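1. Need coordinates for the below:
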Amino acid sequence: MSCAQNTGSRKLDLDFEQPKHDNTRSWSDFGGSGYKIYIDSTTAKHGKFSAVIENTGKGKDFKALAFTLPDNYKGKKIRLSGYIKTEKVTAGYAGLWMRIDPNIGFDNMKDRGITGTTDWKKYEITLQLNPKETDKIVLGGLLVGNGKMWLDKLEVSIDGKKLEDPKLKTYQRKKFPAEKDHEFDKGSTIVIPDLSPERIDNLALLGKIWGFLKYHHPNIAAGNYNWDYELFRILPDYLKADKQQRNKVLLNWINKYGTIPPCKTCKQTAADAVLQPDLSWIAKSDLSVEVKAALKKVYECRNQKDHYYISLRPGVKNPEFTHENAYQEMTYPDSGFRLLSLYRYWNMIEYFYPNKHLTDKDWGQILTEYIPKFIEAENELTYELAALQLIGEVHDTHANLWGGGDKLAEARGNNYAVCRAEFIEDKFVVVDYYNPELLEESKLKIGDIITHIQGKPINTLVDSLEAYYPHSNKAAMLRDISIDLLRSPKNQLSIQYISEGKAYQHKLPLYESDKLDMYHWYKVNKEEKSFKRINGDIGYISLANIKKEDIPEIKKSFRDTKGIIIDIRNYPSTFVPFRLGSYFVSKPTHFVKFTQGNIHNPGEFTFRKGTRIKSRGKTYKGKLVVLVNEKTQSQAEYTAMAFRAVEDAKIVGSTTAGADGNISPILLPGGLRTMISGIGVYYPDATPTQRVGIVPDRIITPTIEGIKKGKDEVLEKAIELINR
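-> This next block holds a predicted model:
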């Protein structure tokens, strides 16, 4: 590592004022086709020029303007600010974006993007820096969907110092030996013969040993070896070895990584650990006495320093899987890399997933079950499907194929019905329209029940799709599947439905997503007030668009009300458990406790102190009712837990998504990206929330009749409870 003063001599064209900017090499772009990027000399916020991203009418997905900063920087926080103006942005949004590689920080304003037609306004993004791990910092502006955006006067600062500030220090991070190993960058060269039961068992055993060494061996933890490529080096000899030769191959492999000094700081697993390391597979295996002894020694002298491949995020303590290459140029990885993908994911869950004990199957058997699925995946789509099924085995609504599933998205299609349907009273019911002007073509009315799609009953379709929609509980699974049931690569779907008690058949027309106003379903109007009075003496707060500055006004405005309803059937736009929670408690109130992993004893999870809400100012005297449903997930569930701790508070609605805790991203070969809930979240009495969700005190779900009448039955029950 070395630091140097930033001379400030490098001129960065962040305001688009350099001549012939559109031909300069400093900017690049990426994303879908059908967009154009150019310099506008007629519209600018600063100086004479601005940059434009425009959908020509054929653009799909998104287009991003990108600039890679010339240096890595020493500091704690990096801020990107810039001015944006928009015109007719629909079916998406405009915004700034910034990414710190590898897998350190990312923000693209998805949750607060700009839509419609807006005048120049300043926006900003702030990310935590980690200079010791950073390879590069990339930033710019992007347009998702239709319309046009202008971008001008970008500025970057590190801890308040602009990039041009001569006092700003750059940082040259240390390159580890593992990063200099490029032997298998173009492919593993591994060919795996026919998969007999014996070979599958041997490969499962190798996967466990590979992961055990990765997370325990001090010389591997030091970053001295590219552990992905070390797998490819042992596989050829391992695959052709008989049982006796196999033990010799393994023993030589373990010894290859050097002697390990005795560990003076290695502690035994805590007696009160919520989860303990499970290394029983070593004793149960048919490995030789010598190999078992070598593995035992590695454990007894395991790494106690910083780890090249794993760390815990400061404060929160969720795992960060560092220096993991996604090999995204390999859209369909070869069999060696596919096996690596399985090994990598399985071991991450084995040692650092706080909810491993909540999976439906024995996790040790999952490795054996999925080896054929990954090795025999014959193309990019079947590989993505195998990965998606594997991800689903952890039963975590946070876990899904969030990136890299190109063929999966292609198979599911980009054409959607104009209506939105959800599961109401165990039936697939039309609840709203993306574009009401297309209602007549669709024929479906709000409250109609769709019974069959392409001749298949809805229940049959759900059963066949369940494995491909990772979920913590059934409510979250139905929520996610409902979005895709009326989706296809085709331009119509054959459906059967019931309307006003009569059965009908119809060829339901589908439209490309960018032709529909689907975005309004999750886009929140930030300008709309987050709170109001209902019936004169009841306060109503929606956390979907709440702002920090709203909270003092809420406390003042609702002081004399008989009750307050907090609606968390959404994702909160601001973190409020403490700022708003303090209004409802008269003394410090505990509401949560967490578990965290241990990189010095992988597989161990222990409780750590949770947090509490402190009372500030006058305590609210009225009733508190909190609304939740399957859309209440993650931070929303954590917030509901906080309000549940308020004395006499009532939770009303239906079971939440069952995925709480800060997320930990995971990268897999082929450019696949997923994540897990990175910490265990429990009530103060050690009752878990993962997979369970926040169970309401009063279970109230929408009815078909209520949907037809446009009623919000959950809100009505909350009002009734307060008036009672």
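
2. pLDDT of stretch 96-105, averaged?
-> What stretch 96-105 shows for mean pLDDT is 87.

3. which residues are contacting it?
-> 64, 78, 80-82, 84, 106-109, 123-125, 127-130, 133-142, 154, 320-325, 665, 667 (Cβ atoms under 8 Å, 6 or more residues apart in numbering). C-betas here are computed from N, CA, C, even on glycine.

4. at 7 Å instead, please
-> Residues from elsewhere that reach stretch 96-105, judged by Cβ atoms under 7 Å, 6 or more residues apart in numbering: 64, 80, 82, 106-109, 123, 125, 127-128, 130, 133-142, 323, 665, 667.

5. tell me which element the residue nearest to residue 31 when sequence neighbours are not counted falls in.
-> The shortest distance from residue 31 to any non-neighbouring residue, by Cβ to Cβ, 6 or more residues apart in numbering, is to residue 63 (4.1 Å). Element membership for residue 63, per DSSP states H and E: strand 62-68.

6. What are the buried residues along whichever helix or strand comes after that strand?
-> Using DSSP H and E, the next helix or strand after strand 62-68 towards the C-terminus is strand 77-101. By neighbour count, and taking 16 or more other Cβ atoms under 10 Å as the criterion, the buried residues in strand 77-101 are 78-80, 82-86, 89-100.

7. Going through the contacts of stretch 96-105, which ones are buried?
-> The neighbour-count criterion (16+ other Cβ under 10 Å) marks 64, 80, 82, 107-109, 123, 125, 127, 130, 133-134, 137-142, 323, 665, 667 among those as buried.

8. taking those one by one, which sit in strands?
-> Here DSSP state E is the test, and the buried ones among the contacts of stretch 96-105 give 64, 80, 82, 107, 123, 125, 127, 137-142, 665, 667 as lying in strands.

9. which of these lies closest to residue 243?
-> Within these, proximity to residue 243 (Cβ to Cβ) peaks at residue 667, which comes in at 34.8 Å.

10. Look up how far residue 387 lies from that closest one.
-> 12 Å (Cβ to Cβ, to the nearest Å).

11. Could you do residue 617 as well?
-> In this structure, residue 617 and residue 387 are separated by 50 Å, where distance is defined by Cβ to Cβ.

12. more neighbours, the two?
-> Neighbours were counted for residue 617 and for residue 387 using other Cβ atoms under 10 Å; residue 387 has more, 27 against 9.

13. count of residues packed around residue 256?
-> 12.

14. Quickly note the distance from it to residue 79.
-> Shown here: residue 256 relative to residue 79, a distance of 46 Å by Cβ to Cβ.

15. Likewise for residue 713?
-> Computed as Cβ to Cβ, the residue 713 to residue 79 distance reads 44 Å.

16. same deal with residue 641?
-> As judged by Cβ to Cβ, residue 641 and residue 79 stand 31 Å apart.

17. shaky segments in the stretch 401-550 of the chain?
-> Judged against pLDDT under 70, the low-scoring parts of the stretch 401-550 of the chain cover residues 519-527.

18. Which parts of it are strands?
-> Listed in chain order, the strands of the stretch 401-550 of the chain (DSSP state E, counting those that start in this stretch) span residues 415-416, 419-424, 427-433, 449-453, 456-457, 487-488, 492-499, 502-509, 511-512, 531-534, 538-542.

19. Give me the angle between the second one and strand 492-499.
-> I take that to be strand 419-424. Between the axes of strand 419-424 and strand 492-499, defined by axes from the mean of the first three to the mean of the last three Cα atoms, to 10 degrees, the angle is 50 degrees.

20. chain center to strand 419-424: distance?
-> Centroid separation between strand 419-424 and its chain, computed with Cα atoms, centre = their mean, to the nearest Å, is 24 Å.

21. and the chain, what are its domains?
-> According to automatic domain parsing, the chain is divided into the following domains: 2-174, 182-393, 415-521.

22. Include distance to residue 545 when you put the ones you listed into TSV, please.
-> Shown next, in TSV, are the domains of the chain (distance: least, Cβ to Cβ, whole Å):
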stretch	distance to residue 545
domain 2-174	10
domain 182-393	25
domain 415-521	13
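
23. and residue 645, which of those domains is closest to it?
-> Each of the domains of the chain was checked against residue 645 via Cβ to Cβ, and the shortest separation belongs to domain 182-393, namely 20.2 Å.

24. Can you give me the end-to-end span of that closest one?
-> Domain 182-393 has its terminal residues 33 Å apart, counting by Cα to Cα, to the nearest Å.

25. Report the mean per-residue pLDDT for it.
-> Computed over domain 182-393, the average pLDDT equals 96.

26. now do stretch 597-608
-> Mean per-residue pLDDT for stretch 597-608: 97.

27. And for that stretch, what's in contact with it?
-> For stretch 597-608, contacts defined as Cβ under 7 Å, 6+ apart pick out 215-216, 267, 269-270, 272-278, 303-304, 307, 310-312, 319, 350-352, 354, 593-596, 680.

28. For PyMOL, write a command that selects the buried ones of these.
-> Command for PyMOL, covering only those of the contacts of stretch 597-608 found buried under the criterion 16+ other Cβ under 10 Å:
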select buried, resi 215+216+273+274+275+277+303+304+307+310+311+312+319+350+351+352+354+593+594+595+596+680
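
29. Cross the contacts of stretch 597-608 against helices and list the overlap.
-> Helix and strand membership here follows DSSP state H; of those, those in helices are 215, 216, 350, 351, 352.

30. Residue 299 is in contact with the second one, correct?
-> Yes: counting by Cβ atoms under 7 Å, residue 216 sits close enough to residue 299 to count as a contact (6.0 Å).

31. Just list the residues touching the nearest residue to residue 358 once chain neighbours are set aside, thanks.
-> Taking Cβ to Cβ, 6+ apart, and ignoring the residues beside it in sequence, residue 358 has residue 691 as its nearest neighbour in space, at 5.3 Å. Taking Cβ under 7 Å, 6+ apart, we find residue 691 in contact with 358, 395, 472, 473, 658.

32. A strand includes residue 691, no?
-> No: with DSSP: H, G, I helix; E, B strand; the rest coil as the criterion, residue 691 is coil rather than part of a strand.

33. can you give me the helices in the stretch 251-400 of the chain?
-> Taking DSSP state H, counting those that start in this stretch, the helices of the stretch 251-400 of the chain run over residues 280-284, 289-300, 335-352, 363-375, 380-392.

34. List the pairing partners of the strand holding residue 63 within its sheet, with orientation.
-> With DSSP bridges as the test, strand 62-68 is paired with strand 27-31 (antiparallel), strand 136-158 (antiparallel).

35. closest one to residue 449 among these?
-> From those, taking Cβ to Cβ, the stretch that ends up closest is strand 136-158, at 31.3 Å.

36. For the closest one, output the C-alpha coordinates as CSV.
-> Coordinates of the C-alpha atoms in strand 136-158 are reproduced here as CSV (Å, rounded to 0.1, in the frame of the first residue of the first chain):
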residue,chain,number,x,y,z
LYS,A,136,-11.9,1.1,-9.4
ILE,A,137,-14.7,3.6,-9.0
VAL,A,138,-17.1,4.1,-11.9
LEU,A,139,-19.9,6.7,-12.0
GLY,A,140,-22.2,8.7,-14.3
GLY,A,141,-25.9,9.0,-15.2
LEU,A,142,-28.4,6.6,-16.5
LEU,A,143,-31.8,6.4,-18.1
VAL,A,144,-34.1,3.4,-17.6
GLY,A,145,-37.1,3.1,-20.0
ASN,A,146,-38.5,5.9,-22.1
GLY,A,147,-37.9,9.6,-22.4
LYS,A,148,-34.9,11.8,-22.3
MET,A,149,-32.5,13.2,-19.7
TRP,A,150,-29.9,15.9,-19.5
LEU,A,151,-26.9,15.6,-17.2
ASP,A,152,-24.6,18.4,-16.2
LYS,A,153,-22.0,19.6,-13.7
LEU,A,154,-21.0,16.4,-12.0
GLU,A,155,-18.8,16.8,-9.0
VAL,A,156,-17.0,14.1,-6.9
SER,A,157,-15.7,14.7,-3.4
ILE,A,158,-13.9,12.5,-0.9
